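>>> Fold the following and give me the result.
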Amino acid sequence: MKHLKLFEAFQNTEELKEDLSHLFIQFEEDGWNVKVNYNQIVPDRNDWTGNLQSTKVRNVWGGEFIDYHKDVVMSQGQKSWRPKDAIIVTISKVNYIKELTNESIEDHWKQIDQKINSRIPTIKNRAEKLDLELYGVHGKWFHSGQASHPDFELEPHYKWDILIDSISFAFH
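This is a model prediction of the structure:
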């Protein structure tokens with residue numbers, strides 16, 4: 001009996017993952033990769049300060065958070081944080097920027113954030129039908145050098161900078 005309940009719970013979580021990924025079909029149509037995972041978040045944080053990795057995240061919408069893992073510093077001075085269970089939908093996409101400057105990156109993020117913010121009401125409403133609440137959305141980015149490998153020579157973005165954008169939606 002215990003195994004049957006475990007199997008039923010597993011099936012339900014897979015259904016929920018599939019239902020959640022359906023909320024992001026428009027992003028997939030725009031070339032984004034969509035992944036759904038169960039994880040924990042640390043609410044009210046926007047950086048990993050105190051760890052080897054101290055990258056800040058861009059708060060796109062809602063509450064600030066970072067992804068929890070065992071190396072996250074959970075207290076600093078008088079402050080302490082507690083992880084919270086969440087379902088994280090991560091969308092990621094490789095983008096090419098001709099001239100990488102602070103201004104070009106900010107313009108790039110502004111465009112991404114506008115698209116995301118325009119879709120937030122729909123995502124929130126559909127998530128509520130799944131008994132989930134959208135806590136927040138944050139963005140991370142990774143610069144991967146230039147598209148200067150010979151494989152890129154015939155591409156229009158040859159010698160452009162490669163920026164990988166990763167946007168996380170946290171539901172609870």
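>>> Do you know the pLDDT at the spatially closest residue to residue 37 that is not a sequence neighbour?
Sequence neighbours aside, residue 88 is the residue nearest to residue 37 in space, at 5.2 Å (criterion: C-beta to C-beta, 6 or more residues apart in numbering). C-beta coordinates here come from the backbone N, C-alpha and C atoms, glycine included. pLDDT, residue 88: 94.
>>> Kindly report the same for residue 163.
pLDDT, residue 163: 88.
>>> isn't it right next to residue 97, touching?
Yes - applying C-beta atoms under 8 Å, one finds residue 163 in contact with residue 97, separated by 5.6 Å.
>>> Isn't residue 147 up against residue 160?
Yes - counting by C-beta under 8 Å, residue 147 touches residue 160, with 5.4 Å between them.
>>> which residues are common contacts for these two?
Any residue near both residue 147 and residue 160 by C-beta atoms under 8 Å, 6 or more residues apart in numbering counts here, and that gives residue 96.
>>> any residues in contact with both of residue 163 and residue 97?
105, 108.
>>> Which one's more surrounded, the two?
Of the pair residue 163 and residue 97, residue 163 is the one with more neighbours under other C-beta atoms under 10 Å, namely 19 against 16.
>>> Report the contact partners of the residue nearest to that one when sequence neighbours are not counted.
Nearest residue to residue 163, sequence neighbours excluded (C-beta to C-beta, 6+ apart): residue 95, at 4.9 Å. Counting by C-beta under 8 Å, 6+ apart, residue 95 touches 108, 162, 163, 164, 165.
>>> Number of residues surrounding the fourth one?
Yep, that's residue 164 we're talking about. Using other C-beta under 10 Å, residue 164 is surrounded by 13 other residues.
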